[in-house]
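Colleague: got a predicted structure plus its sequence, pasted below:
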Amino acid sequence: IHSIKSYIAELVERENKTKWQASHDNLTGLFNRTAFEEKIEACIGDVRKNNGTHALLFLDLDKFKVINDTVGHLAGDNLLQQIASLMESCLSEGDFLARFGGDEFGVILKNCDLVRAREKAEEIIFNVERFSFPWAGKRFKIGVSVGMVMISGVIQNAVELLSLSDTACYIAKENGTNSLHVID
């Protein structure tokens, strides 16, 4: 009986680990793009059903490639972990942060109107701009470009919403480091 309980416990542990890996980024421990898209779909449903107000932020780090190329991928990985923690510290309970891969992140600000969403985005930008990454006796500065879209019932699905927020982020990047662009 002991070995059966042990075997069952091992199976449950493996299943939980597999579920976690399917929805999380291994490097940062944040949710991944798949989990993020599911959350967007839920938010779209909430907007249509309950008139909820949510915002989507698409974030792309500025000057990350320089650090990766200059001091290596280990430094880049460490930087991503620190930035993930920094972004998490800016969010409220119920908000949702994910890493899409590379140096791209997404945030869903739950129950958040346009004014508050803009404030949150600017807080993230401010904190990333202030952040100094120490590595190998040097200090590196990075920035972040943020594209923002309010989640509305007009948007058909997560793919469309992510495409709009990615476009907004691209425009922010074109405007210079530590910029925010909102597509309304």
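Modeller: Sure thing, it's come through. Numbers count the residues shown, from 1 in each chain.
Colleague: from here on, just use CA atoms for contacts and neighbour counts.
Modeller: Noted.
Colleague: got the contact list for the lengthiest helix in the chain?
Modeller: Ranked by residue count under DSSP state H, the longest helix found in the chain is helix 2-23. Contact with helix 2-23 is made by Phe31, Asn32, Arg33, Thr34, Ala35, as judged by C-alpha atoms under 8 Å, 6 or more residues apart in numbering.
Colleague: burial count for Leu59?
Modeller: 29 (other C-alpha atoms under 10 Å).
Colleague: my bad, Asp166
Modeller: Using other C-alpha under 10 Å, Asp166 is surrounded by 22 other residues.
Colleague: list the buried ones in stretch 97-106?
Modeller: Neighbour counts over stretch 97-106 (16 or more other C-alpha atoms under 10 Å) mark Leu97, Ala98, Arg99, Phe100, Asp103, Glu104, Phe105, Gly106 as buried.
Colleague: what about that stretch, start to end distance?
Modeller: 6 Å (C-alpha to C-alpha, to the nearest Å).
Colleague: using TSV, lay out the contacts of helix 2-23 together with pLDDT and distance to Gly45.
Modeller: Converted to TSV, the contacts of helix 2-23 look like this (pLDDT from 0 to 100; distance: C-alpha to C-alpha, whole Å):
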residue	pLDDT	distance to Gly45
Phe31	95	20
Asn32	96	20
Arg33	95	18
Thr34	95	17
Ala35	96	16
